[in-house]
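> My questions are about this predicted structure, shown below with the sequence.
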Amino acid sequence: MSISDEILDNKGTVVNTTKISDYNYPLRFEFKIGTLSNDFIAKDASGKTLVYVRSKLFKLKEDIQVFASEKKEEVLFTIKADRIIDFNACYAFANDEGEFIGQVGRKGAKSLLKAHYEIYDEQKTPEFLIQEENPWAKFWDALLCEIPIISMFTGYMFNPRYGIKRTNNEEAIMRLSKEKSFFGRRFKLEKIGELEEGEDERLILGLMMMSLLERRRG
């Protein structure tokens, strides 16, 4: 099953029909405010909810569920870490039948200066690179977030951007940006190139996982 919109069939049963490739970009990931969990909602350009992403609490390893809606009744995908929180952890994607469909990994040493992630297909072959485009935002955010009062406003001053490209091509096909906010945490995903059949599902899941990991910055 793919991430999709919900409609009712002629029997009144909720079914999913809209594929990721039909999404109306830009997408926005909006984190919930005032909750203990690390939940966020993915919406399209019209404001329609596409999926609800929840990070399970009190887990030594990241354990993420991607639901079809905010009702949290239907799990479309799961994302699980292969180890306790670590700079070099990989996060595996599985569909609603438990089948492995790919993974995303953070490259620890490279991510110290600027965020660097790689997305792999079901054969664990590198498929996409995600790299931070403005690493100075990370430096100043880390420096000023330690200063009382000023740290409250870094979300308006330093907002990282991430370029996404295929491993065999230097041209960016997407860009993920942290938007200015005070209490909220919002990411915007823009499509700036063409995707090939079957690429979009892993790519969106990888960017969702990365947003959870990068959410406290900027």
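Arrived safely. Numbers count the residues shown, from 1 in each chain.

> Give me the contacts around stretch 191-210.
If you take Cβ atoms under 8 Å, 6 or more residues apart in numbering as the criterion, stretch 191-210 is touched by 2-3, 19-21, 25-27, 29, 42, 53, 62, 64, 66, 77, 79, 91, 93, 101-102, 104, 106, 115, 117, 119-121, 127-128, 130, 162, 164, 171-176, 189. The way it works is simple: take the backbone N, C-alpha and C, and place the C-beta from them, glycine included.

> For it, list the C-alpha coordinates in CSV.
Provided in CSV are the C-alpha atoms of stretch 191-210 (Å, rounded to 0.1, in the frame of the first residue of the first chain):
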residue,chain,number,x,y,z
LYS,A,191,9.9,19.3,-5.9
ILE,A,192,12.4,20.8,-8.3
GLY,A,193,13.1,17.9,-10.7
GLU,A,194,11.4,14.8,-12.1
LEU,A,195,11.1,11.5,-10.2
GLU,A,196,11.2,8.1,-11.8
GLU,A,197,8.6,5.4,-11.2
GLY,A,198,9.1,3.8,-7.8
GLU,A,199,11.5,6.4,-6.4
ASP,A,200,9.1,8.6,-4.6
GLU,A,201,8.0,6.3,-1.8
ARG,A,202,11.4,5.7,-0.3
LEU,A,203,12.4,9.3,-0.8
ILE,A,204,9.4,10.7,1.1
LEU,A,205,9.9,8.1,3.9
GLY,A,206,13.6,9.0,4.2
LEU,A,207,12.8,12.7,4.4
MET,A,208,10.2,12.2,7.0
MET,A,209,12.7,10.3,9.2
MET,A,210,15.3,12.9,8.6
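
> In that stretch, which residues are buried?
191, 195, 199-210 (16 or more other Cβ atoms under 10 Å).

> For residue 57, grab the count of nearby residues.
Residue 57 has 10 neighbours, counted by other Cβ atoms under 10 Å.

> Where does it sit: helix, strand or coil?
State at residue 57, reduced to three classes by DSSP: H, G, I helix; E, B strand; the rest coil: coil.

> right, and it touches residue 37 too?
Yes - using Cβ atoms under 8 Å, residue 57 is in contact with residue 37, at 5.6 Å.

> Figure out the length between the terminal residues of stretch 100-118.
16 Å (Cα to Cα, to the nearest Å).

> contact partners of stretch 75-82?
By Cβ under 8 Å, 6+ apart, the list of residues contacting stretch 75-82 reads 1-4, 16, 51, 61-68, 89-96, 101, 205, 208-209.

> Can you tell me which of those are classed as buried?
2-4, 51, 62-68, 89-95, 101, 205, 208-209.

> element containing residue 204?
Assessed by DSSP states H and E, residue 204 sits inside helix 200-214.

> Check residue 78 too.
Counting by DSSP H and E, residue 78 is part of strand 75-81.

> list the buried ones in that strand?
Neighbour count says strand 75-81 has 76, 77, 78, 79, 80, 81 buried, by 16+ other Cβ under 10 Å.
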